[in-house]
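# just coords:
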Ligand SMILES: NC(=O)c1ccc[n+]([C@@H]2O[C@H](COP(=O)([O-])OP(=O)(O)OC[C@H]3O[C@@H](n4cnc5c(N)ncnc54)[C@H](O)[C@@H]3O)[C@@H](O)[C@H]2O)c1
Ligand SMILES: CC(C)(O)[C@@H](O)C(=O)O
Ligand SMILES: [Mg+2]
Ligand SMILES: [Mg+2]
């Protein structure tokens, strides 16, 4: 583990330099890695591991997604199977169904978890909320997670571009004494940037907070609030969208990603600097109580409960589509569609 100073706090993390791909391959050379589920993380992780030279198979029920796996080069009967067949062949079972579907499929998965196999997750959800999910792994299997901190789509794209998305890893159960090295090897294999250690509980509480917070929920809320204020004051959709979203995603955030926020502040006008310096604290103070409310709700298990209950409904997809439609058909995001269509690189 490399000791790195993160803003004054020392953490031990795993980098690709100290844990090279060759080492990961050697650790997993006798394993058959069965990726169960080919939704968002399934393709990213399985394709990266395949391209990294690991022995990977995919287990996916028949349908559109199975066909996508075929078009991605997985070969039926050789590297692509129905779920139960893959579960039987796999020695490391990567449980990458949606968290709600994992509950339904758990009794099937459990049947194939014979002694010495490994159960791999990309979220701490299933075992942390075992009272609601019923996911209690047998004592004689290794249980660990690697949770890429981003979408499976970016995991793949960044891998293809020679970059790496950071991931956390955690050990829940070490039956063979090798769970830790296997977890890290999987983390390197799926194409992670650096790996930081956590536990299943902390992974799920931080992840549920982040996606409801700044990563998606909060940012959409702040976008909507500013857009509405600009529109109410007579600004055109084009002006309101560019000043709220397009400039952020196209211009400023890539620069913040490269150089940090102080650099961004230092490299805009003195006028913007002064205003942004004066206003970030009021925004922090206004939103912090909402973040506290969110974290407490996650901690109390309410957010997990809502996810399980809502996402297990038979009409989940239709209801989801209605809610997404509300976003898609809002003036702000319709303006966004128009703005994106005008990007020069699209022509
Ligand atoms: N989406 C992401 O980018 C992301 C990022 C980090 C971690 N994760 C975690 O990774 C895991 C997988 O998430 P995902 O978003 O890739 O999943 P997903 O929602 O895309 O679904 C994955 C697969 O589940 C299958 N499936 C759904 N219901 C099923 C059922 N009843 N029986 C059999 N198969 C069924 C689908 O066919 C699909 O292939 C979850 O634990 C999630 O929290 C996801
Ligand atoms: C990509 C996210 C939001 O980070 C992930 O946590 C998810 O659940 O999809
Ligand atoms: Mg998540
Ligand atoms: Mg996440």
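Thanks, I have it. Since the model is a prediction, treat every value here as computed from it, not as a measurement. Ligands and ions are numbered 1, 2, ... in the order given.
# interface residues of the stretch 151-300 of the chain facing ligand 2?
Counting by C-beta under 6 Å from any ligand atom, the residues of the stretch 151-300 of the chain lying close to ligand 2 are 151, 207, 211, 215. Backbone N, C-alpha and C define where each C-beta goes, glycine included.
# For residue 112, state which of those residues is nearest.
Taking C-beta to C-beta as the measure, residue 207 is the one of these closest to residue 112, at 26.8 Å.
# Can you name the next helix or strand after the helix or strand hosting that closest one?
Residue 207 is part of helix 200-212, with elements assigned from DSSP states H and E. Scanning the chain past helix 200-212 towards its C-terminal end, the next helix or strand to appear is helix 217-232 (assignment: DSSP H and E).
# report the angle between the axes of that next one and helix 200-212?
Between the direction of helix 217-232 and that of helix 200-212, the angle (axes from the mean of the first three to the mean of the last three C-alpha atoms, to 10 degrees) works out to 10 degrees.
# Angles on the backbone of the closest residue to ligand 3 within the stretch 51-200 of the chain, please.
The shortest separation between the stretch 51-200 of the chain and ligand 3 is 6.1 Å, found at residue 123 (distances taken as C-beta to the ion). For residue 123, the backbone dihedrals are phi -160, psi 150 (criterion: degrees, to the nearest 10).
# Now which of the residues of the stretch 151-300 of the chain next to ligand 2 would you call buried?
residue 207 (16 or more other C-beta atoms under 10 Å).
# contacts with ligand 3 among the residues of the stretch 151-300 of the chain next to ligand 2, please.
Counting by C-beta under 5 Å from the ion, the subset of those that neighbours ligand 3 consists of 207, 211.
# quick one: which of the residues of the stretch 151-300 of the chain next to ligand 2 is nearest residue 326?
residue 211 (18.5 Å).
# Skipping its backbone neighbours, what lies nearest that closest one in space?
Leaving aside its sequence neighbours, residue 211 sits nearest to residue 217 (C-beta to C-beta, 6 or more residues apart in numbering; 7.1 Å).
# Which neighbouring elements make contact with the strand or helix carrying residue 120?
Element membership of residue 120 [criterion: DSSP H and E] is strand 118-121. Using 3 or more C-beta pairs under 8 Å, 6 or more residues apart in numbering; DSSP states H and E as the contact criterion, the elements in contact with strand 118-121 are strand 92-95, strand 142-148, helix 179-189.
# Just the closest residue of the stretch 201-347 of the chain to ligand 2, please.
Distances from the stretch 201-347 of the chain to ligand 2, computed as C-beta to the nearest ligand atom, single out residue 211 as the nearest residue at 3.8 Å.
# Do I have it right that that residue meets residue 220?
No: between residue 211 and residue 220 there is no contact, the gap being 11.2 Å when judged by C-beta atoms under 8 Å.
# what about residue 52, how many residues close to it?
Residue 52 has 17 neighbouring residues, counting by other C-beta atoms under 10 Å.
# contacting residues around it?
Under the criterion of C-beta atoms under 8 Å, 6 or more residues apart in numbering, the contact list for residue 52 reads 21, 24-25, 189, 191.
# Could you turn the buried ones of these into a ChimeraX selection?
What follows is the ChimeraX syntax selecting those of these that are buried according to 16+ other C-beta under 10 Å:
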select :24,25,189,191
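# Which one of the contacts of residue 52 is nearest to ligand 1?
Ranked by distance to ligand 1 (C-beta to the nearest ligand atom), the contacts of residue 52 are led by residue 191 at 13.1 Å.
# what residues are up against that closest one?
The neighbourhood of residue 191, defined by C-beta under 8 Å, 6+ apart, consists of 44-45, 48-49, 52, 155-156, 158-159, 164-165.
# wait, which of the helices and strands packed on strand 118-121 is closest to ligand 1?
The minimum distance between ligand 1 and the helices and strands packed on strand 118-121 falls on strand 142-148, with 5.3 Å, by C-beta to the nearest ligand atom.
# picking up where we left off before, among the contacts of residue 191, find the one with the greatest number of neighbours, please.
residue 45 (29 neighbours).
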